[in-house]
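Participant: only geometry, no sequence info:
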């Protein structure tokens, strides 16, 4: 039976001593994946959880603040997708379907048969495609601000994307890319491919979304770029799903890099909630 969790608190006064926890990587590397070199990092031990970053982002710019929390109890496999961060590119347009296939191939390379998945924003849409295209490798999925339909965005978003320019990209994301990429010129390429992918975005058919059988946790902010109504629609379509609507803006619930100026502490509340979902029904 579905449970809908709507959190309408105005402020979250949760303080944690893990602000300054260092991220101790167990390993990092590259794998040859469908014609590109894909970069990954592995943290912690336990059940595997794959982290899929947002558009225009890196592992650290999306998940840097929450990796220390999540790595306490599970094995994290954080990846950078085509043309992002340290991962190579291929001479074709980016697509969520190809990203899903790349992640599936990477896990095969790492000898991981099944895993949980946590995707944020574009990574959330990639996560949807993984659940549709590669259900055999999926245990549970967390969809953070994922998009399945064009109607999930305000109409003005699509007009903005048609005029998207690198100069309008958040400075934090540009800096994060340049800090890690061996190819500074790739910043423009990444931007243009992400923008084109969104301009050409097509609805994921209802029957495909409804075909998702993996236990699913849908999370979104009440002032998100994605409209909360879209998350509610996804919740109704995915039979075995739960929904949380968290106060804040896009990515604030995981303290994504562009939200840090708000000094929010939502992740200290949200991560235990996500871990509870992942642990549910598992032997201790």
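Facilitator: On my side now, so go ahead. What you see is a predicted model, and the numbers here were worked out from it, not measured in a lab.

Participant: tell me which element residue 270 falls in.
Facilitator: Element membership for residue 270, per DSSP states H and E: helix 266-279.

Participant: Residues touching that helix, excluding its own?
Facilitator: 5, 12, 14-16, 18, 47, 49, 65-66, 69-70, 73-74, 116, 118, 140, 142, 215, 217, 219, 242, 244, 246-248, 252-255 (C-beta atoms under 8 Å, 6 or more residues apart in numbering). Every C-beta, even on glycine, is put in place using the N, C-alpha and C of the backbone.

Participant: buried ones in whichever strand or helix holds residue 177?
Facilitator: Taking DSSP H and E as the criterion, residue 177 maps to helix 171-180. Counting neighbours by 16 or more other C-beta atoms under 10 Å, one finds that the buried residues in helix 171-180 are 172, 173, 174, 176, 177.

Participant: same question, stretch 86-102
Facilitator: In stretch 86-102, counting by 16+ other C-beta under 10 Å, buried: 86, 87, 88, 89, 94, 95, 96, 98, 99, 100, 101, 102.

Participant: Looks to me like residue 220 is in a helix.
Facilitator: No. Read with DSSP: H, G, I helix; E, B strand; the rest coil, residue 220 is strand and lies in no helix.

Participant: ok, now how distant is it from residue 140?
Facilitator: According to C-beta to C-beta, to the nearest Å, residue 220 stands 17 Å off from residue 140.

Participant: Neighbour count: those two, which is higher?
Facilitator: Each of residue 220 and residue 140 has its neighbours counted (other C-beta atoms under 10 Å); residue 220 has more, 29 against 24.

Participant: Contact partners for that one?
Facilitator: Listed by C-beta under 8 Å, 6+ apart, the contact set of residue 220 reads 144, 145, 226, 228, 230, 231, 243, 244, 245, 246.

Participant: now with 7 Å?
Facilitator: Contacts for residue 220 were tallied using C-beta atoms under 7 Å, 6 or more residues apart in numbering; they are 145, 226, 228, 231, 245.

Participant: Show me the beta-bridge partners of the last one.
Facilitator: Going by DSSP bridges, residue 245 is paired in beta bridges with residue 6, residue 220.

Participant: thought it was touching residue 229?
Facilitator: No. At 10.4 Å, residue 245 and residue 229 do not qualify as touching, with contact defined as C-beta atoms under 7 Å.

Participant: still on that earlier bit, got a winner among the contacts of residue 220 for most neighbours?
Facilitator: residue 145 leads those on contacts (other C-beta under 10 Å) with 28 neighbours.

Participant: Against residue 189, how distant is that one?
Facilitator: 24 Å.

Participant: Equivalent analysis for residue 154, please.
Facilitator: 27 Å.

Participant: And the contacts of the helix or strand hosting residue 231?
Facilitator: Under the criterion of DSSP H and E, residue 231 resides in helix 228-237. Here helix 228-237 makes contact (C-beta under 7 Å, 6+ apart) with 2, 4, 148-149, 152, 206, 209-210, 218, 220, 222, 241, 243, 245.

Participant: Kindly report the same for stretch 145-160.
Facilitator: 119-121, 124-125, 127-128, 201, 203-204, 209, 220, 224-227, 230, 234, 250.

Participant: run the last query once more with 8 Å
Facilitator: So stretch 145-160 is contacted by 54, 119-122, 124-125, 127-128, 198-199, 201-204, 209, 218-221, 224-227, 229-230, 233-234, 250-251 (C-beta under 8 Å, 6+ apart).

Participant: One more: stretch 104-111?
Facilitator: Counting by C-beta under 8 Å, 6+ apart, 31-34, 38, 40, 50, 77, 79, 113, 115, 130, 133-134, 137 sit against stretch 104-111.

Participant: Could you list the buried residues of it?
Facilitator: Applying 16+ other C-beta under 10 Å to stretch 104-111 flags 104, 105, 106, 107, 110 as buried.

Participant: what two of those residues are the furthest from one another?
Facilitator: 104 and 110 (11.1 Å; C-beta to C-beta).

Participant: ok so, going back, tell me which other helices or strands the helix holding residue 177 touches.
Facilitator: helix 59-63, helix 186-199 (3 or more C-beta pairs under 8 Å, 6 or more residues apart in numbering; DSSP states H and E).

Participant: Do me a favour and average the pLDDT over it.
Facilitator: Averaged over helix 171-180, pLDDT sits at 97.

Participant: Follow the chain on from the helix or strand residue 116 falls within and name the next helix or strand.
Facilitator: Using DSSP H and E, residue 116 falls within strand 115-120. As assigned by DSSP H and E, the chain's next helix or strand after strand 115-120 is helix 122-133.
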